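Participant: how would this look folded up:
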Amino acid sequence: HRLKSAVAVFHPWTFTTSLMFSFPQAALKKTPLFDFHRDQGGKMVEFAGWSMPVQYKDSHIASHMHTREHCSIFDVSHMLQTNVHGKDRVKFMESLVVADIAELKDNQGTLTLFTNEKGGIIDDLIVTKTDQGYLYVVSNAGCADKDSAHMKARLAEFKYAGFDVDLEFLDCALIAVQGPTMSRVLQAGLKEDLSKLTFMTSALATVFGVPDCRVTRCGYTGEDGVEISIPESRVVELTEKLAANSEVKLAGLGARDSLRLEAGLCLYGNDIDETTTPVEATLVWTIGKRRRQAKDFPGADIIVPQIKAKTARKRVGLVSTGPPVRQHTPILSPDGKVIGEVTSGCPSPCLKNNIAMGYVDAAFAKNGTGIQVEVRKKAVPATVSKMPFVPTKYYTG
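Facilitator: Now for the predicted structure:
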């Protein structure tokens, strides 16, 4: 039974996610890097049913800034990795998500959304069309059971209708290597020219002598980076080789959360869920043009009209000074009326002020609008801000 933890891991640098649960210690799942994390001084916490490092010996701020200035390794092996096989794999995936998967080039990926018939977001995920004849899908750890059940249910429908499609849930580790010096660090272990691998493209490679790795140029920090899917038996070896470089440090969930918030990226369960639509969440760009016209994805009858008619509320960025702004903080109009709620917030190590995102009444969603946030029963001035808060540095060639 999953119970949300009310324990703050940091003060005032709290880990903002709502996906921290209380589990019996024996019930926690462990990634293949669990012993490695403990040996390296990782502070282990419960996250979505997994024992994961929230930080190492460095402070959260130091780890955050090292990623922005150099390069860090994050263990993201808890995420669900799936291969979709069969000649009808694209049709199958497009029956579940809002993206135009058919238009992707070989080895190109896209961020997309599982949506339900009411237009709500079941999960956000990345789908890559590989040149090996399958789709490679990465979705969130906290939604793994829900996502796998969702895909299996649709698979049964497709099989019954005679379509050729199969699911393969992978037992692979996954690490993210993020930061401006990533390419120099990783290139030393590759025969291939990493400069040819641009943002949201993927390739199979041998990395520092470890074969059968899938390297995808993406990440959730706003920096140039890769995610590497690795056979479980070789992940410690590869991580040790990468970490041996003086430019590389290990980073945990705390830094990952503040980095993604500075980059204006949503955390499922906080900023998006089954009660929010892509339009409300300002994620319309994830919906393929052909898919909008065809209205052939789950919830299209609700979502597509919202694109033109707008919505009553909208996800926005917020900046403020003073006490930090946290999830569930009320957002107020200038005259003190409640107009929304914060979904994620933390002090920004880069900007040296408080940043947050949340949903507000559409009338207050314009960038630069002065509003207030209620912190400890006091109204604190804040301003609606464009996102990302910190410029992203994705490598596009």
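Participant: Give me the below-cutoff pLDDT ranges for the stretch 151-300 of the chain.
Facilitator: Scanning the stretch 151-300 of the chain for pLDDT under 70 picks out nothing.
Participant: Adjacent strands (with direction) for the helix or strand Thr128 falls within?
Facilitator: Assigned by DSSP states H and E, Thr128 falls within strand 121-129. Partners of strand 121-129 in the sheet, by DSSP bridges, are strand 108-115 (antiparallel), strand 135-139 (antiparallel).
Participant: Which one of those lies nearest to Met93?
Facilitator: Nearest to Met93 among the strands paired with strand 121-129 is strand 135-139; the distance by Cβ to Cβ comes to 5.8 Å. Using the backbone N, CA and C atoms, a C-beta is placed for each residue, glycine as well.
Participant: For the closest one, give the mean pLDDT please.
Facilitator: The average pLDDT for strand 135-139 rounds to 99.
Participant: Pull that strand out as PDB, backbone CA atoms only.
Facilitator: Taking C-alpha atoms only, strand 135-139 is exported to PDB below (Å, rounded to 0.1, in the frame of the first residue of the first chain):
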ATOM      1  CA  LEU A 135      10.000   1.200 -31.200                       C
ATOM      2  CA  TYR A 136      12.000   1.900 -28.000                       C
ATOM      3  CA  VAL A 137       9.900   3.500 -25.300                       C
ATOM      4  CA  VAL A 138      10.900   5.000 -21.900                       C
ATOM      5  CA  SER A 139       8.300   6.000 -19.400                       C
END
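Participant: How far off centre is it?
Facilitator: Offset of strand 135-139 from its chain centre (Cα atoms, centre = their mean, to the nearest Å): 13 Å.
Participant: and what of stretch 216-225?
Facilitator: Per Cα atoms, centre = their mean, the centroid offset for stretch 216-225 relative to its chain is 10 Å.
Participant: Please enumerate residues in contact with that stretch?
Facilitator: Contact partners of stretch 216-225, identified using Cβ atoms under 8 Å, 6 or more residues apart in numbering, comprise 67-68, 109, 126, 128, 136, 176-180, 182-183, 197-202, 226-229, 256, 259-260, 262-265, 388, 390-395.
Participant: same thing but at 7 Å, please
Facilitator: By Cβ atoms under 7 Å, 6 or more residues apart in numbering, the residues outside stretch 216-225 that reach it are 67-68, 109, 126, 128, 176-180, 182-183, 197-202, 226-227, 256, 259-260, 262-263, 265, 388, 390, 392-395.
Participant: List only those of those flagged as buried.
Facilitator: 67-68, 109, 126, 128, 176-180, 182-183, 197, 199-202, 226-227, 256, 259-260, 262-263, 265, 388, 390, 393, 395 (16 or more other Cβ atoms under 10 Å).
Participant: Among the residues you listed, which are located in helices?
Facilitator: The members of these that map onto helices under DSSP state H are 67-68, 182-183, 256, 259-260, 262.
Participant: Would you reformat these as CSV and include distance to Lys289?
Facilitator: Formatted as CSV, those follow (distance: Cβ to Cβ, whole Å):
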residue, distance to Lys289
Thr67, 34
Arg68, 34
Met182, 32
Ser183, 32
Arg256, 32
Leu259, 31
Arg260, 27
Glu262, 30
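Participant: Name the nearest of those residues relative to Leu33.
Facilitator: Looking across these and measuring by Cβ to Cβ, the closest to Leu33 is Arg256, at 14.4 Å.
Participant: which stretches of the stretch 1-150 of the chain form helices?
Facilitator: For the stretch 1-150 of the chain, the helices defined by DSSP state H, counting those that start in this stretch occupy 34-39, 60-69, 89-94, 144-160.
Participant: Got phi/psi on Asn116?
Facilitator: Note on Asn116: backbone dihedrals following degrees, to the nearest 10 are phi -100, psi 180.
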